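Peer 1: Got a sequence here, can you model it:
(one chain, ligands or ions: 1)
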Amino acid sequence: MKIVVASDHGGYEMKEAIRRHLSEKGFEVLDAGTYSEESASYVEFSQRAADKIVDGTCDRGIVVCGTGIGVSMVANKNPGVRCALCTDSFMAEMARHHNDANMLALGGRILAIPYALMLVDLFLSEPYDGGRHDARLEQIADRERRTFCV
Ligand code: RB5
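Peer 2: As a prediction, the model looks like this:
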């Protein structure tokens with residue numbers, strides 16, 4: 001599984017911790033920036049990560065800003081991206097089991113890093129349940145086709 005990570009300055013420290021954590025676990029990680037704590041746009045960097053999901057370069061994406069709100073808003077503008085903003089383990093589990101989320105958004109100013117890493121692990125290990133949820137994901141895809149003409 002290839003994973004893209006990205007953040008603005010508000011999520012930089014957490015993004016770096018996630019990048020190291022995933023590399024240590026043997027995942028192939030693409031770091032789409034930002035690369036310092038200098039002020040940066042969450043729009044630009046979340047979009048860089050979403051691009052890698054849309055074009056198929058990466059299987060999963062993890063984006064971090066101060067709250068996780070901005071990066072999730074941007075990622076979810078992209079067809080085929082299902083980005084879940086999670087603040088606890090139940091949300092991370094459900095994001096996979098029910099929503100088949102392919103991107104995770106986290107708040108660098110919201111969560112302690114060890115807790116965020118635990119959510120990352122859940123996001124990468126929990127399965128999608130399929131079944132009745134397929135029809136809902138198809139409804140989302142239908143909304144995307146109408147909005148983006150894809
Ligand atoms: C940057 O200060 C902050 O606005 C950003 O990281 C994020 O929280 C936006 O949603």
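Peer 1: The closest residue to residue 36 other than its chain neighbours and the ligand, how far apart?
Peer 2: Distance criterion Cβ to Cβ, 6 or more residues apart in numbering; nearest residue to residue 36, sequence neighbours excluded, is residue 12 at 7.0 Å. C-beta here means a position set from N, CA and C on the backbone, and glycine is covered the same way. From residue 12 over to the ligand the distance is 9 Å, taken as Cβ to the nearest ligand atom, to the nearest Å.
Peer 1: Equivalent analysis for residue 102, please.
Peer 2: 20 Å.
Peer 1: helices and strands of the protein: which one bottoms out on pLDDT?
Peer 2: helix 132-148 (a mean of 95; mean pLDDT, DSSP states H and E).
Peer 1: Please identify the buried residues of it?
Peer 2: Buried residues in helix 132-148, counted by 16 or more other Cβ atoms under 10 Å: none are found.
Peer 1: who's in contact with stretch 107-114?
Peer 2: Here stretch 107-114 makes contact (Cβ atoms under 8 Å, 6 or more residues apart in numbering) with 7, 10-15, 17, 64-69, 85, 87, 119.
Peer 1: quick revisit: elements contacting the least confident helix or strand of the chain?
Peer 2: Counting contacts by 3 or more Cβ pairs under 8 Å, 6 or more residues apart in numbering; DSSP states H and E, helix 132-148 packs against no other helix or strand.
Peer 1: on that earlier part again, tell me, how many neighbours does the residue nearest to residue 36 end up with?
Peer 2: 21 (other Cβ atoms under 10 Å).
Peer 1: What are the neighbouring residues in contact with it?
Peer 2: Contacts of residue 12 (Cβ under 8 Å, 6+ apart): 34, 36, 37, 64, 108.
Peer 1: between those, which is closest to the ligand?
Peer 2: If you rank these by distance to the ligand using Cβ to the nearest ligand atom, residue 108 comes first, at 7.2 Å.
Peer 1: For that closest one, report the pLDDT, please.
Peer 2: With respect to pLDDT, residue 108 has a value of 98.
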